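Asker: Test case, fold it:
(chains A and B, ligands or ions: 4)
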Amino acid sequence: MTRIFLNGREIEVAADTTVLRAALDNGVYVPYFCWHPRLSVAGNCRICMVEVEGKGLDIACNMPVSEGMKVLTDSDEVRAARKAMMQFLTLNHPVDCGICDKAGECTLQDYHFAYNGAPSISAEPKVRATKFHDLGDRILIDNERCIVCSRCVRFTHEVSRSKALGIQGRGDTSLVRCEEGRRFDDPYSDNVIDLCPVGALLSRSFLYKARVWFLEATPSVCPGCARGCAIRIWHLRADRRLQRLDPRRNLEIARVTPLDDPAVNGPWICNKGRDLAAIFERPRADQAMLRGRPVPLAEAISEARRLVDGAKRRTALVSSWGSDGELAAFRDHLAARFDVRVKPDHVPQPGEIVEDDILIRADKNPNTRGARALFGERPVAFEPGTDLVLVWGEGFDYSRVPAGAKVVLLGSYLAPENGAADVFLPISVQTERDGSYTNSDGIARRFEACFPPGETIAHAADLFAAIGGRP
Amino acid sequence: MRAFEKRLQSFEVTETSHTLAAYRSRGGYGALAKALRSMKPADVTKEVYDSGIQGRGGAAFPMGRKWQVVKPDDGLEHFLCANADEGEPGTFKDRWILENAPHLLLEAMAIACYAIGAHHCFIYMRGEFDLSRRRVEGALEEAYGAGLLGERILGTPFSCHVVLVRGAGAYVCGEASGLLSSVEGKKGYPRNRPPRLTVRGLFQKPTVINNVETLSNIPWIIDHGAAAYRALGTPKSPGTRLVSISGHVVRPGVYEIPFGTPLDEFIYEDCGGVTGGRALKAVVPGGISTKVLVAKEIAGLPMDHASLDAAGSSLGSGGMIVIAEGTCMVRLLQVMLRFYHHESCGQCTPCREGTGWMHRIVDRIAAGRGAAGDIDRLIHVSHFNDGTTICGLGDAAGYATVGILDKFRDEFEHFMAHGRSRCGGSLA
Ligand code: SF4
Ligand code: SF4
Ligand code: SF4
Ligand code: FES
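Answerer: Ligands and ions are numbered 1, 2, ... in the order given. Model (predicted):
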C-alpha cells in the first residue's frame, strides 16, 4: 500500500495503481476521455491533468502513485488546464448536439458544461472533416466529432483483436479509418459505439431513431449464446409511450447495449446481442389453436390437459431458452409424467461465428446448463410407443415425431408447425417476463420484463401449472 | 578560427574519406579494439560519464547518466538506437557525420552496445536522407566484411548487429519514443513517460537512444580519456559540438566548435557574417524550437548550455539560423507554425488542435486580417501547449511562438494595424 494525499486528504492505495484510479476509487472525480478501465493507457486527451505538488501538471491516467505524493485535482492551475483542453477539443468540433446521436450521453457535452461552459475564444473557421464515412455495414464515422482519443482503435487491437481500425494522417487532419481496402466487419464492432466518448461512431441501425432521453433501459440477459451476456434493452420510456402515432413502436427494442458484468462479459457484447430486436420482433403467434382451428386459450389448455392425462408414453422437449423459473415450474408440475429431454432451440446459422475465445460460445442457447441441471443431458429421442410429444419452444424437426403421437406445442412465433399441432399454446417471450438464465459457466443472471405480453398470450410457467396441476 | 583540436571534423573531406580504409588510416576502430580488449563495460560507461558529455539532440541530457540506468548484466535484452532522424528545421549537422564519417558512428555504436550490454542496435534514419543512407549502408557492408560488426567482433566474445531502419518522414519520429514506435512498425506516435525508455523502451526492453553526434564522440573519449575531453569547452558543457548554420549568413555549413565560443564571434569570424552586409536582426540559436535572440542579446554570449539558458533560450539541436534586418517576423512565425502544424502527430489534444489554431491565427494576420486579441490568443494557446503535451513538439511550437511574440510584438501590432508588414513581408 502507498500513502498519498489527495486534495489534502490522506489515503492508502494499492502501490501499483495510478493517480486517476486512486482518485476515482476514493470518491474524487477526475475527468477522462481516452482512459478506459479495460484498455491500455494512451494518455492523449490530456483532460485528466492534475497537479502534483513540486512537480506541476501532468496526466493522472498515466501517473503511478508514489509514497507521500501530494495531488491536487481541483487547483486553479488544474481548472485552467482543463478549461484549455476543452477549448482545444471543441475548437474544430461541430457542436451540433441537437442532431447528434450521442447528445444526452456525450462526455464532451457533459464536460463542456462542467469544466468550460464559456463561448469559444477562437475566431477561426472550423476545420472540416468527412461526415458519415462508411466504416463497415454497421458503423459510420463522423470525423468532425472525433476527438482522436483512440479508444476505438485500441479496442480493435486489444479486445476484439481484429486490428480493423487505425488513425490515418497527422495533426488536426487525423482520421480514424479502416486499414486500406478493409471494412470494419469485426464481430464485436458495435462496442466502439458505446466506447466512443463522443458521437463520432454511429450505429446505422440506431442513427436518428430516437433521442436517448425518451428511452429507458431494462437490465436483461442476451439469449444469443450460452455466455448470457448482461445487456440493457432500450425502449421508449413508459411516460413517453405513443398513442396517436404507430403504437407498435411502444413495444420496439430501440437498441441493445452491454451492462458491465465483470464475471460474465465485462463491458462488451458481440454484435449478435445488438441485433436482438431481429430475434424477438418476428411475427408473433398470439392465438391458441386446436389443429389450426382458433380457440380461446382456456379451451386449448383443457384440451392439452386431456391429451396429457390420456397418453401412455409421454415425451417432453423442454426449451433451452426457458428461464430457470419456467424450467422449475415444468419440473414441479409435469416432469414426473414425462420422459424429459432438453432441446436446443437454436443452432449456429450459416456464416455465424460458432465460437471464439472472447465471448461467443458454440451453444446458441442461453439456458442449456440450467435445463440440463434439472433434466439431464440425454439427446432428443423418443422411446418406442411414445404417443404424446410436448414441444416447448423452437428448433425441433417435426418429421421426427413418432407416428400416431399427438403434439402439444408451446410457441411464441408464427410457424407452419403451429397449425399442425394438436394443441398450440402461445407463450410470452423473454422481453415480456422476469426470470434468470444460468450460463455455460454456471452463473445465473436475472432479466426483467420490458413490455407487457399480449392479452391472449400466456407465460409458459403458468401453462405448466394449468396443464399439470392436480384438478 | 580559434585553434583547437577537432574531434569530429578532424580530417579533410574527400571523395573517399568516408571509407573504411580512410577511417582506419585515421586510427578508426582503435577505440573499439581498446574497449573490447582492455575495458569492462562498466569502465566504458564510467569514462563516458566522467567526460560529462551531454546529448546533442536538443535535450542535452548527460549521456553517461542515461547509460548508467541500463545494467549490462541484468539478464534482460537491451537495445541501442542511434537517432539519425534529424528533422529540426535549420539542423543538419548529423547528416555531416552520416555522409562523411559513417564508420565513426558504427564504431561508436559498437562501443555503446558493449557498455550497455546490447547486441542489437538500430540506426533510425530520416527517409529523405539519400546520400547518408548510401554511405551508412556502404559502411555497414565494409564493417561486417572486416569483422568489426557481427559475431565475435575482433575475435572477442562480443557480438553486435546494426540494422538500418529508414523512417517515412515525420518530425515526431525523431522524438525518442516516437522513433521506437516507428522501429516497432507502428505509427510514429510518441509515448507517455513513465516508464522511461531506459526502463521499458524498444519492444518493452531497456533501450538507450542517443543522437548521432553524441555517439560519435565516444571513440575519441575512449581513445583519449575523459579528462582530455573535458579539457575543451566549459566545465558544465565539455567538449566540442557541431553547429549547422544557415539563413542570412555568408558561409553556411556545419562547423565544429568548442562549447563556450562566443556566438557573435562564431557568426562574424567563422561564418563570414550576415549576407549582403546587412545588420543582424536575430538568431535562432539551436533549431526553430529554441527561442529567438535579438542581435544585442548575442554579443559576447558564450555558446554553452548554461549561458544560453540564462539568455532565455537554448542550444537545442545545434541548428543556428541567422536572420538579417529586413526580415518579416510575422512571415517567419507563419512558416514556423506551418511546420509545427504539419508535423504534429495528432495524438494529443493541445498540440493537435493548438498548432493548427496558432497557424491559422498567424495566417490570418499575415493575410492582413489580424483582429484585436490575436496576440493574446496566440500566447494563451502557446501557454497551454507548453507542458501539457506528450512530447516536445507541442512545447516547442508554443515556445517558438512566445519567443517571437515577446521580442517582436511591435511588428505584429504594426501588421495588424496596417494590414501589411513593416518589412515588406520578406524572408529573403
Ligand atoms: S459529440 Fe457530443 S458535443 Fe459533439 S455534437 Fe455530439 S453530443 Fe454534441
Ligand atoms: S471515433 Fe470516438 S472512440 Fe474513436 S478515436 Fe474518435 S472519439 Fe475516440
Ligand atoms: S505533442 Fe504533438 S507531436 Fe507530440 S505527441 Fe502530442 S500531438 Fe504528437
Ligand atoms: S484520460 Fe488521461 S490523458 Fe486522456
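
Asker: Quickly note the distance from A:P37 to A:D25.
Answerer: As judged by CB to CB, to the nearest Å, A:P37 and A:D25 stand 11 Å apart. The C-beta positions use only the backbone N, C-alpha and C, and glycine is treated the same way.

Asker: Show me which residues of the host helix or strand of B:Q334 are buried.
Answerer: Taking DSSP states H and E as the definition, one finds B:Q334 inside helix B:329-343. Neighbour-count burial for helix B:329-343 flags B:329-334, B:336-337, B:339-341, B:343 (criterion: 16 or more other CB atoms under 10 Å in any protein chain shown).

Asker: Stretch B:65-76 now?
Answerer: Quick answer for stretch B:65-76 (16+ other CB under 10 Å): B:66-68, B:70, B:72.

Asker: got JSON lines for those, with secondary structure, pLDDT and distance to chain A too?
Answerer: Shown next, in JSON lines, are these (DSSP: H, G, I helix; E, B strand; the rest coil; pLDDT from 0 to 100; distance: CB to the nearest CB, whole Å):
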{"residue": "B:K66", "secondary structure": "helix", "pLDDT": "96", "distance to chain A": "21"}
{"residue": "B:W67", "secondary structure": "helix", "pLDDT": "97", "distance to chain A": "24"}
{"residue": "B:Q68", "secondary structure": "helix", "pLDDT": "96", "distance to chain A": "21"}
{"residue": "B:V70", "secondary structure": "coil", "pLDDT": "96", "distance to chain A": "20"}
{"residue": "B:P72", "secondary structure": "coil", "pLDDT": "92", "distance to chain A": "26"}
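
Asker: wait, which of those is closest to ligand 2?
Answerer: Comparing the buried residues of stretch B:65-76 against ligand 2 with CB to the nearest ligand atom picks out B:K66 as the nearest, at 33.9 Å.

Asker: where in chain A is pLDDT low?
Answerer: A:470-471 (pLDDT under 70).

Asker: Longest helix in it, by number of residues?
Answerer: helix A:76-91 (DSSP state H).

Asker: Return the alpha-carbon coordinates of that helix using CSV.
Answerer: Extracted in CSV, the C-alpha atoms of helix A:76-91 (Å, rounded to 0.1, in the frame of the first residue of the first chain):
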residue,chain,number,x,y,z
ASP,A,76,-6.6,26.9,-10.1
GLU,A,77,-3.9,25.6,-12.4
VAL,A,78,-5.8,22.3,-12.9
ARG,A,79,-9.0,24.1,-13.7
ALA,A,80,-7.3,26.4,-16.2
ALA,A,81,-5.7,23.5,-17.9
ARG,A,82,-8.9,21.5,-18.1
LYS,A,83,-10.7,24.5,-19.5
ALA,A,84,-8.0,25.0,-22.1
MET,A,85,-8.2,21.3,-23.1
MET,A,86,-12.0,21.7,-23.5
GLN,A,87,-11.3,24.7,-25.7
PHE,A,88,-8.9,22.6,-27.8
LEU,A,89,-11.3,19.7,-28.0
THR,A,90,-14.2,21.8,-29.1
LEU,A,91,-12.1,24.0,-31.4
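
Asker: what residues are up against B:F122?
Answerer: B:79-82, B:162-165, B:183, B:202 (CB atoms under 8 Å, 6 or more residues apart in numbering or on different chains).

Asker: which other helices and strands contact the next helix or strand after the helix holding B:Q334?
Answerer: Using DSSP H and E, the helix or strand that follows helix B:329-343 towards the C-terminus is helix B:349-366. For helix B:349-366, the packing partners by 3 or more CB pairs under 8 Å, 6 or more residues apart in numbering or on different chains; DSSP states H and E come out as helix A:76-91, helix B:329-343, helix B:374-385, helix B:392-418.

Asker: Is ligand 3 within reach of the third one?
Answerer: No: in terms of CB under 6 Å from any ligand atom, no part of helix B:374-385 sits within range of ligand 3; the closest distance is 7.8 Å.

Asker: So for that helix, what gets flagged as buried?
Answerer: Buried-residue list, helix B:374-385, by 16+ other CB under 10 Å: B:374-375, B:377-385.

Asker: what helices or strands is it leaning on?
Answerer: For helix B:374-385, the packing partners by 3+ CB pairs under 8 Å, 6+ apart are helix A:76-91, helix B:349-366, helix B:392-418.

Asker: go again using 7 Å as the cut-off
Answerer: helix B:349-366, helix B:392-418 (3 or more CB pairs under 7 Å, 6 or more residues apart in numbering or on different chains; DSSP states H and E).

Asker: Check those for me and report the most buried one.
Answerer: Highest mean neighbour count among those (mean count of other CB atoms under 10 Å in any protein chain shown): helix B:349-366, with a mean of 26.

Asker: Now do it and helix B:374-385, the angle between them.
Answerer: Helix B:349-366 runs at 160 degrees relative to helix B:374-385, counting by axes from the mean of the first three to the mean of the last three CA atoms, to 10 degrees.

Asker: Helix B:349-366 vs ligand 2: in contact?
Answerer: No: Helix B:349-366 lies out of reach of ligand 2 by CB under 6 Å from any ligand atom, never closer than 11.1 Å.

Asker: so what's the residue in the stretch 301-428 of chain B positioned nearest to ligand 3 closest to, chain neighbours aside?
Answerer: Nearest residue of the stretch 301-428 of chain B to ligand 3 (CB to the nearest ligand atom) works out as B:C351 at 2.9 Å. In this structure, B:C351 finds its nearest non-sequential neighbour in B:G394, 3.2 Å apart by CB to CB, 6 or more residues apart in numbering or on different chains.

Asker: again with A:S150
Answerer: Per CB to CB, 6+ apart, closest to A:S150 is A:A42, 5.0 Å.

Asker: For B:D270, give its distance to ligand 4.
Answerer: 46 Å (CB to the nearest ligand atom, to the nearest Å).

Asker: Please apply the same query to B:V294.
Answerer: For B:V294, the distance to ligand 4 equals 38 Å [CB to the nearest ligand atom].

Asker: wait, what's in contact with that residue?
Answerer: If a contact means CB atoms under 7 Å, 6 or more residues apart in numbering or on different chains, then B:V294 has B:282, B:407 as its contacts.

Asker: before we move on, back to that, Throw the helices and strands packed on helix B:374-385 into JSON lines and include mean pLDDT and distance to A:A217, thanks.
Answerer: Output for those, formatted as JSON lines (pLDDT from 0 to 100; distance: least, CB to CB, whole Å):
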{"stretch": "helix B:349-366", "mean pLDDT": "98", "distance to A:A217": "31"}
{"stretch": "helix B:392-418", "mean pLDDT": "96", "distance to A:A217": "40"}
